[in-house]
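S.K.: here's my sequence, what's the structure:
(chains A and B)
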Amino acid sequence: MRLINLLSVAVAICSLCYVEANSGHTNNWAVLVCTSRFWFNYRHMANVLSMYRTVKRLGIPDSQIILMLSDDVACNSRNLFPGSVFNNADRALDLYGESVEVDYKGYEVTVENFIRLLTDRWSEEQPKSKRLLTDENSNIFIYMTGHGGADFLKFQDAEEISSHDIADAFAQMHEKKRYNEIFFMIDTCQANTMYSQFYSPNVLAVGSSRLDESSYSHHSDVEVGVAVIDRFTYYTLEFMENIGKNSSLTLNDLFESYTFEKVHSHVGVKSDLFQRDPSEVLVTDFFGSLKHIIRDDTDSVDDFNALVTDGEKEDYVEHVLNLAIEKSRKIVLEETNASPIGHTVLDNPVESTLKFNKSRDNGWSSKQSAMFVLTSLVIVIGGMQLRKQSNLRMTNFYDVS
Amino acid sequence: MALLEKLQRRASDLGLWYRFIQLLPKLALFCGLIGMAYLALWLPSEGQYRHTYISENALMPSQAYSYFRETEWNLLRGYRAQLELLVNEPVDKKNVILAGWLEEIGLKTAVHKDADHGDSLYGVWHAPRGDGTEAMVLAAPWHNGDGEFNLGGTALATALTRYFSRWPLWSKNIIVVFSEDPKASLRSWCHAYHTSLDLTGGSIESAVVLDYPGANDFFKYVEIFYAGLNGELPNLDLVNVAVHITQHEGMRVSLNGIAESEMEDREYYGKMKQLLLGVRKMALAGVQACYGNEAFSGYRIQSIVLRARGSGGPFDITTFGRVPEAMFRSVNNLLEKFHQSFFFYLLLAPQNFVSIASYLPAAVAFSAAFIMAGLDHFFKGSKSITSGTARSSDTLQTVTRFIACLMTSYAVSQVLLQRNNPHALISVSVLTSMAPLYPSINSNSIAQAHQLKSISFLYLSVVLTSLLVVNFALAFGIGLLAFPMIKIQNTTNSRLRIKNSLLLLATNPFIASCAFANIFETNLSGFDIIRNLVSAWNDLGCWTWFVVCIGWLPVWISVAVSSCYVAEQAEPNYHSSSDCASVKKLD
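M.R.: A predicted model of the protein is given here:
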C-alpha cells in the first residue's frame, strides 16, 4: 500500500512537471477585435475574420473566442458577393461561409466593452458566452486591427483607446489572476506605440509598424472594389497556414518571418516583460488549444484490490450498496410516472413546476396544468417518503460503522 | 497699455497719422494692383498651389474594375440607332418611347410637365439592397449647351441605366433624367423634384450630366465643367474623382472648355490661363452657355458635366461611358454626404488647385482699396465741413441722395426684369456718364461730393466683403471692373472732366460687363450678357443680376452724381498748418 501511495505521488509530480514544461497553461483563449466601421474598411473585417478562422482551425473552440466585429461588410449592400467576406482576390476562401460566432457586433464594439471584457467587470445580466472566463492558467491571444495613431486606436470612428488603457487593463488582469500569459498582436498604423506602455509580467506583444509609420494594405480585389487584407496580417496568415496542431515552430520563427520587404513597415516585438524566450514558445501555445488534462493513471481494479487487502472492504461495499439503492429508487419513480419530468421534480419540485408552467404558459390549457400540478404533488410526496426511508437506512449503516 | 499709449503719442508727434491720411489715395491704388497681381501672377507660381488628392476615404475611385465595354457596344449602338430616328420628333413622342424602354429595364418613370421650359422624362431605379434614402442622378438633356442634339449622351444614359440595373451592389437609388435642355428645363425638373414630384428616390447626392453630341463612335478628349450658380462649386472630391477616373481610363482632361491646344500646358502661363478662365467661368456661371451642372446648384447636390470632344480620336463611346460608371461606383461607396474636401477652390490644372485661404486675399485687396478710397473722401469731406464752408445738415442730405441712388438702381433692376431692353439701358448709361462734363458750381456741394463718394465706396466695400467668401469670382470681378472709379476727382479742369467722364463710362456696370464679355467671351457678343443676366435670374435663380444692380450700380450712380459738383476754387490745400490741427482733432 505504501508503495502504491509513493507511486501515485510520483505520478502526480511527474504530470505537474510535464505541465510546467508547456508554459503552465491549461486553457487557451482568443480575443479578436476589429475596431473600424464602414465599407471601405472591409480589409479590417477580413483581417479579423482570417485570424478567427486560424485560431479556430488550430483548436480554440468558439466558446473560448471572443470575436468583436464592428461592422457587417458581408451584408453591406455594396458587397458584390452578398453574405461573403474574402481576404484574397482569388476568393478561394469565404471567411463568412462557415459558422461564425460574433460575440460583439456593430455598435457594441466600444472601448468600454473591450475594457470590461478584459477585466471582467460586468453586471449580472452579461451572458457567460460574452465574457472572458479566464483564470491564472489561461493563455490569451489578443488581436486588434483598425485605424490608429501614436498611442491610440480608433473605435468605430467615434472614440479611441489609448495604449495606457490597455496597459492598465492588463495590470488589472494580472492582479485578478486572469491570465498566465498574454500574446498581444496589433495591425494598425503606428501599432508599436500601442504596446509601449505595458508593464504587467508575462505579456508578449507584436505590432505592425513603428511610430510615424503607416501599415499598408496588401492588395485590392477589383471586383469587390476594396482592399481586402493588410500586409502584416497577410504575412502572419501566410506563416500560420503552415502551422498544424502539432507544429514545433515557435513565436520567434513567426517574428523572423516578418521582413520590411514584405510588410513595408517595421514590425516591432516587446518581449522584456515575457518570462520565456520567444524562441522557446510554441506558436500553438497561443494559437492552438492545448488541453492539459491531469489524467487519473490509477487503475480501478487495483484500487478495489488495494481496498480489499487493506481491510477496508466494508466501506467499499457500503458505497456499492448506496449506488444500488439510488438506482432502484429511480426505477420506482419511473414506474409511478413514466414521464421525464419526474427527474427534474426530484431536486426542487415546486420551483421547477412553476418555471415549467411559466415557460409553456401559452401552449397549456388550465385543465392540463391542473392535472400536472396534481401528479407532481403525488411525486413530491412519494419522493420525500422514499428519501426519509433511505436516510433512515443510511443512518443505520453509519451507526454500525 | 502704457507702451501702446507711448507708441500712439510718438506716432502723433511724428505726424504718422497725418501722413497716412495723405497717402490714402495712393494706398488704395496700390491695394487694387496688389489684388490683381496676387491672383494672376503670384498664385500660379510654383509653391503657391497644391496637388489635388482624394480626401474622402470611402470614394476609392477606379478601385473596382469597370465593365462597360465590348458587351455593351451593341446595346449602346442599338439605342443610338433608334434615338437617331426620333431626332425630329416632338418631345412627347420621344418621352413615350424612351419611357417604354426604361420601364422594360425595370425603372419607374414619370414625366415632369413644364409648359414654359419643356417636359422632362425621368426614371428611378430603386436599389434592391439599398435603404432608398439617397440617390445619384445621371442626366442627359436632349440638346446640349451649344444647341446640338445630344444623341450619344442620351443613348449612353439609356445603355448605362440598363447596365446599372444588372449590378446588385447599389446602396443608393439611381435616377436618370432626360430634359429638353441642360439649362431651364433641367433646373425646373430639379426644383420640382424637391417640391412637387410624386415619384422620388431620396435625397440626391451627386449628379453627372452626359454631353456627347452626334453619332460618332470615337472622340478625342473629355471636357469637365463644374462651376455652379451663385459661386457654388461641387465638392473638390467629386471633381478629383472625375479627373482621376478619366485619366485612369487613359483620356485627357480639359477643364472649363479650354482649347485642346492649351489644355496640356502645365507651365506658368498655362496655369495662369486656366486659373483666370476658372474665375471667369465662376463669375459668369448661368450667364454663359450652361452645360447642365448649374441646374443642380442650391440643393446640396454635387454636380459636374462630362463632355466628349472631337471626333475620330482614339477613344470609343464605351470608354466615355466607363467614366460615369466608375463615378457612380465611387459615389455609391459614400456613407455620408460629400464633406471632406474643399467647397471653395480654384483649379489651375486638372490636378492642381488653390484653396480658399490662398486666393481670398486677392478679393480682400479690392475691398480694402475701396475702404481706403472711402476713408480718403471721408476725411476730405469732414475737413470741408470743419473749415466752415458747409453746413452739418448737408450730411443728412447726402445720405438721402445715396438712398435715392439705391432706390433708382433697384428700380432699374426691376424694370429690366419686366422689359429686357439692353439698348435703352446702355444708352442711358452712356448719357449719365456725360454728367461730369456739365458741372454745377456750388460752394457747399464740394463737401457733399466727398461725403457721397465716401458712403458709396464704403458701401461697395461692404458688398464685396460679404460676397467674397460666397462668390469669390463675382466679388473679384466687380472689384476689378469698378476699381477705376476711385480715380474720379472733383475738378473744374475741363481735361480732367473728360477723363472723369471716360472713367465713368468704363466703370458702368452694364458697359463694363458688355465690354468684358465682348473681349473675352466669344459666345457673348453684343448686349447678350445683359439679356442673359436677366434670363439667368428668371430661369435659373442666379442672383448675379441683383448683385450687379444693387451692389455696383448705386455706387456708380452716386459717383456720377457727385462728380457733377465742383468747388469754386481749387481743392483746399492739405499742407497748411490749420489742416494739420483739424486732422489731429479728429483722432
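
S.K.: name the surrounding residues that touch stretch A:160-177.
M.R.: Applying Cβ atoms under 8 Å, 6 or more residues apart in numbering or on different chains, the external contacts of stretch A:160-177 come out as A:35, A:111, A:114-115, A:118-120, A:134-136, A:151-155, A:178-179, A:182, A:184, A:193-203. C-beta here means a position set from N, CA and C on the backbone, and glycine is covered the same way.

S.K.: how about the residue in the stretch 1-150 of chain A that chain B sits nearest to, what does it touch?
M.R.: Residue of the stretch 1-150 of chain A nearest chain B, by Cβ to the nearest Cβ: A:Ser77 (3.7 Å). A:Ser77 is in contact with B:Ala127, B:Arg129, B:Gly130, B:Asp131, B:Leu169, B:Trp170, B:Ser171, counting by Cβ under 8 Å, 6+ apart.

S.K.: and B:Gly381, by the same measure?
M.R.: So B:Gly381 contacts B:Ala447, B:Gln448, B:Ala449, B:His450, B:Gln451, B:Ser454 (Cβ under 8 Å, 6+ apart).

S.K.: the last one contacts B:Ile371, doesn't it?
M.R.: Just to be clear, that refers to B:Ser454. No: at 10.3 Å, B:Ser454 does not count as touching B:Ile371 under the criterion of Cβ atoms under 8 Å.

S.K.: number of nearby residues for residue 270?
M.R.: In the absence of a named chain, this looks at chain A. The tally of other residues near A:Lys270 (other Cβ atoms under 10 Å in any protein chain shown) stands at 17.

S.K.: you looked at the wrong chain, it should be chain B
M.R.: 17.

S.K.: so which strand or helix has it?
M.R.: Using DSSP states H and E, B:Gly270 sits in helix B:268-283.

S.K.: how far off centre is that helix?
M.R.: Centroid separation for helix B:268-283 versus its chain: 13 Å, with Cα atoms, centre = their mean, to the nearest Å.

S.K.: tell me which residues are up against it.
M.R.: With contact meaning Cβ under 8 Å, 6+ apart, helix B:268-283 is reached by B:39-41, B:43-46, B:49, B:225, B:227, B:231, B:233, B:255-256, B:258, B:262, B:264-265, B:288, B:346-349, B:352, B:354, B:471-474, B:476-477, B:520-521, B:544.

S.K.: quick one: buried residues of it?
M.R.: By neighbour count on 16 or more other Cβ atoms under 10 Å in any protein chain shown, the buried set for helix B:268-283 is B:270-283.

S.K.: same deal with stretch B:523-534?
M.R.: For stretch B:523-534, burial by neighbour count (16+ other Cβ under 10 Å) applies to B:Leu524, B:Phe527, B:Asp528, B:Ile529, B:Ile530, B:Arg531, B:Asn532, B:Leu533, B:Val534.

S.K.: farthest pair within those residues?
M.R.: Maximum pairwise distance in these, criterion Cβ to Cβ, is 13.5 Å, between B:Leu524 and B:Val534.

S.K.: tell me where the stretch 151-300 of chain B is predicted with low confidence.
M.R.: Within the stretch 151-300 of chain B, no stretch has pLDDT under 70.

S.K.: count the neighbours of the residue of it found nearest chain A for me.
M.R.: Residue nearest to chain A within the stretch 151-300 of chain B (Cβ to the nearest Cβ): B:Ser171, separated by 4.4 Å. Look at B:Ser171: counted by other Cβ under 10 Å, it has 22 neighbours.

S.K.: before we move on, what SS does it have?
M.R.: Here B:Ser171 is recorded as coil under DSSP: H, G, I helix; E, B strand; the rest coil.

S.K.: residues contacting it?
M.R.: So B:Ser171 contacts A:Asn76, A:Ser77, A:Arg78, B:Ala127, B:Arg129, B:Gly130, B:Asp131, B:Glu134, B:Asn332, B:Asn333 (Cβ under 8 Å, 6+ apart).

S.K.: and those, which are buried?
M.R.: Counted by 16+ other Cβ under 10 Å, the contacts of B:Ser171 give A:Asn76, A:Ser77, A:Arg78, B:Ala127, B:Gly130, B:Glu134, B:Asn332, B:Asn333 as buried.

S.K.: now compare those and name the two farthest from each other.
M.R.: Most distant of the buried ones among the contacts of B:Ser171, by Cβ to Cβ, are A:Asn76 and B:Glu134, 14.7 Å apart.

S.K.: of the buried residues of helix B:268-283, closest to B:Arg9?
M.R.: Checking the buried residues of helix B:268-283 against B:Arg9 with Cβ to Cβ, the nearest one is B:Val279 at 45.6 Å.

S.K.: what's the neighbour count on B:Ser427?
M.R.: By other Cβ under 10 Å, the burial measure for B:Ser427, its neighbour count, is 11.

S.K.: residues in contact with the helix or strand hosting it?
M.R.: According to DSSP H and E, B:Ser427 maps onto helix B:422-433. Helix B:422-433 is contacted by residues B:412, B:416, B:501-502, B:504-505, B:508, B:510-511, B:514, B:527, B:530-531, B:557, B:560 when judged by Cβ under 8 Å, 6+ apart.

S.K.: and residue 306, what's its pLDDT?
M.R.: As the question left the chain open, I've gone with chain A. You'll see A:Ala306 listed with a pLDDT of 61.

S.K.: switch to chain B, please.
M.R.: With respect to pLDDT, B:Leu306 scores 96.

S.K.: before we move on, what about A:Gln368?
M.R.: pLDDT, A:Gln368: 54.

S.K.: separation between the nearest residue to B:Asp265 once chain neighbours are set aside and B:Arg307?
M.R.: The shortest distance from B:Asp265 to any non-neighbouring residue, by Cβ to Cβ, 6 or more residues apart in numbering or on different chains, is to B:Lys273 (7.4 Å). For B:Lys273, the distance to B:Arg307 equals 19 Å [Cβ to Cβ, to the nearest Å].

S.K.: do stretch B:133-145 and chain A meet at all?
M.R.: No: between stretch B:133-145 and chain A, judged by Cβ under 8 Å from any Cβ of the partner chain, nothing touches; the nearest distance is 11.4 Å.

S.K.: CA atoms of that stretch as CSV?
M.R.: C-alpha atoms of stretch B:133-145 as CSV (Å, rounded to 0.1, in the frame of the first residue of the first chain):
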residue,chain,number,x,y,z
THR,B,133,-32.9,57.3,-48.8
GLU,B,134,-30.3,58.6,-51.2
ALA,B,135,-29.9,58.9,-54.9
MET,B,136,-27.5,59.6,-57.7
VAL,B,137,-28.6,61.4,-60.8
LEU,B,138,-27.5,60.6,-64.4
ALA,B,139,-28.8,63.4,-66.7
ALA,B,140,-28.7,63.6,-70.4
PRO,B,141,-30.5,66.6,-71.9
TRP,B,142,-31.9,66.1,-75.4
HIS,B,143,-30.0,69.2,-76.6
ASN,B,144,-26.7,70.2,-75.1
GLY,B,145,-25.4,73.7,-74.1
